[in-house]
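**Student:** requesting a structural model of the entry that follows:
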Amino acid sequence: MSWLRRYAAELAVTVTVLVGTLFAVLSDRADPPHHAVLGWVLTVLCCAALFFRRRYPLSVAGFALACCALYYPLTDPDGLVLLAFAYTLYAAAAAGRIRGAALLVVAAMAGVVVGEVSSRTGRHVDNFAFFLMTGWFVALVAGGAVAHYRAEAERTKEAEARARATDERLRIARELHDVLGHHLALINVQAGAALHRRDPAQSEEALGAIKDASKTALRELRATLGMLRQGDRPGLDRVAELAESVGASGLTVRTEIDGVARDLPPDVEHAAFRVVQEALTNVAKHAAAKSVVVRLGYGADELSVQIDDDGRGGAAPPGNGIRGMAERARALGGEVTAAPLENGGFRVRARLPVR
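**Tutor:** Just a heads-up that it's a prediction; the model follows:
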């Protein structure tokens with residue numbers, strides 16, 4: 001059944017051509033058929049070629065034209081082989097072979113003209129039939145071209161929809177990674193501190209930091225899962241809160257501002273916040289640092305975000321953190337660099353255009 005659905009059009013054309021040709025032969029009793037066997041061979045070959053038009057659209061159309069070029073001058077009476085050629089013209093144009101199909105139309109009509117001029121028995125195609133046939137072929141090619149461009153537009157639309165869906169999934173994945181990764185890292189650090197501290201007061205302080213970090217994580221997770229609405233996305237106004245939460249783990253976090261602070265596009269502020277968040281998370285987890293400096297530079301055309309720590313330095317740990325920061329920056333036309341400092345420590349720097 002699937003084969004029948006796939007080749008339904010070809011089967012319909014084949015049945016029409018064969019039945020129509022048979023009817024023409026049986027109804028024309030004035031003269032005996034001329035080269036009847038050759039005519040049936042060409043008809044069957046032309047119809048059989050239709051089933052290969054998906055793989056070889058232009059070649060099948062050319063083959064159908066060749067069958068017509070032999071069939072009509074050499075055989076009699078005339079059947080419906082021309083219908084098969086017309087179908088292949090439309091199929092070739094619909095497959096994107098528009099120029100080739102147009103050239104076949106020119107070749108077909110040129111062949112009709114040559115045949116009429118060289119005929120010894122007079123004209124077989126009058127002017128009206130000639131122009132009607134030409135218009136028919138041109139309309140078929142134009143219809144196939146329209147079908148092709150519509151199909152291309154649909155494929156482009158589907159590809160764009162898939163790309164948007166992929167981008168949205170990546171954006172949600174980055175949000176979840178940044179939200180959960182940062183706060184879970186802080187909870188892990190504070191839990192380890194609470195286990196190794198014998199002073200109840202210090203353990204209580206660490207447990208309080210764990211409670212605050214988990215509360216913040218839950219709040220941001222709800223905002224992220226709430227379709228990531230624009231108004232729910234944190235910006236630079238929460239960098240101080242972020243620094244305070246990281247400072248609870250024992251790090252000294254200092255924030256510096258270069259230039260005049262001002263409101264920036266929400267996408268830029270959100271990307272900058274996530275860069276700071278991910279960088280501080282990596283410092284807390286891997287750097288064994290004592291202090292971190294977060295520097296925000298407000299330029300005329302860009303915002304620069306730089307995070308320096310005094311930790312052990314070395315190569316960045318493998319993972320999704322730096323890659324996620326770089327993806328956020330590239331989405332805005334910016335860039336992120338991450339490298340160890342010469343005198344120890346590590347630096348993450350992001351450049352985010354604001355226009």
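**Student:** contacting residues for G235?
**Tutor:** G235 sits next to L264, P266, E269, H270, A272, F273 when contact means CB atoms under 8 Å, 6 or more residues apart in numbering. For every residue, glycine as well, the C-beta is placed using N, CA and C.
**Student:** grab the nearest non-local neighbour of it.
**Tutor:** E269 (3.4 Å; CB to CB, 6 or more residues apart in numbering).
**Student:** so that neighbour, which of the three states?
**Tutor:** In three-state terms, and counting by DSSP: H, G, I helix; E, B strand; the rest coil, E269 is helix.
**Student:** could you measure from it over to G20?
**Tutor:** Applying CB to CB, to the nearest Å, the value for E269 to G20 is 72 Å.
**Student:** so between those two, which is more surrounded?
**Tutor:** E269 (21 against 15; other CB atoms under 10 Å).
**Student:** secondary structure element holding V17?
**Tutor:** Using DSSP states H and E, V17 falls within helix 8-27.
**Student:** this protein: helices as residue ranges?
**Tutor:** Secondary structure of the chain by DSSP state H: the helices cover 2-6, 8-27, 36-49, 57-74, 81-94, 98-118, 127-196, 200-225, 239-247, 266-282, 321-331.
**Student:** tell me what the fifth one is packed against?
**Tutor:** Using 3 or more CB pairs under 8 Å, 6 or more residues apart in numbering; DSSP states H and E, the elements in contact with helix 81-94 are helix 8-27, helix 36-49, helix 57-74, helix 98-118, helix 127-196.
**Student:** what's the angle from that helix to helix 127-196?
**Tutor:** Counting by axes from the mean of the first three to the mean of the last three CA atoms, to 10 degrees, helix 81-94 lies at 30 degrees to helix 127-196.
**Student:** put the alpha carbons of stretch 291-309 into PDB.
**Tutor:** Extracted C-alpha coordinates of stretch 291-309, given in PDB (Å, rounded to 0.1, in the frame of the first residue of the first chain):
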ATOM      1  CA  SER A 291      39.900  37.000  47.100                       C
ATOM      2  CA  VAL A 292      38.100  37.800  43.800                       C
ATOM      3  CA  VAL A 293      37.800  41.100  42.000                       C
ATOM      4  CA  VAL A 294      34.800  41.700  39.800                       C
ATOM      5  CA  ARG A 295      35.300  44.700  37.500                       C
ATOM      6  CA  LEU A 296      32.500  46.100  35.300                       C
ATOM      7  CA  GLY A 297      33.600  48.500  32.600                       C
ATOM      8  CA  TYR A 298      30.900  50.700  31.000                       C
ATOM      9  CA  GLY A 299      32.100  51.800  27.600                       C
ATOM     10  CA  ALA A 300      30.400  53.800  25.000                       C
ATOM     11  CA  ASP A 301      29.600  50.800  22.800                       C
ATOM     12  CA  GLU A 302      30.300  47.800  25.100                       C
ATOM     13  CA  LEU A 303      30.200  46.400  28.600                       C
ATOM     14  CA  SER A 304      33.300  44.600  29.800                       C
ATOM     15  CA  VAL A 305      33.200  42.100  32.600                       C
ATOM     16  CA  GLN A 306      36.400  40.900  34.200                       C
ATOM     17  CA  ILE A 307      36.800  38.500  37.100                       C
ATOM     18  CA  ASP A 308      40.300  38.000  38.600                       C
ATOM     19  CA  ASP A 309      41.100  35.700  41.500                       C
END
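**Student:** who's in contact with it?
**Tutor:** For stretch 291-309, the external contacting residues (CB under 8 Å, 6+ apart) are 236, 239, 243, 246, 251-262, 264, 268, 272, 275-276, 279-280, 283, 287, 289, 310, 334, 341, 345-355.
**Student:** and for stretch 61-71?
**Tutor:** In contact with stretch 61-71 (CB under 8 Å, 6+ apart) are residues 38-39, 42-43, 45-46, 49-50, 53, 79, 81-82, 84-85, 88-89, 91-92, 97, 100-101, 104, 107-108, 111.
**Student:** any buried residues in stretch 66-83, and which?
**Tutor:** 66-72, 75-77, 79-83 (16 or more other CB atoms under 10 Å).
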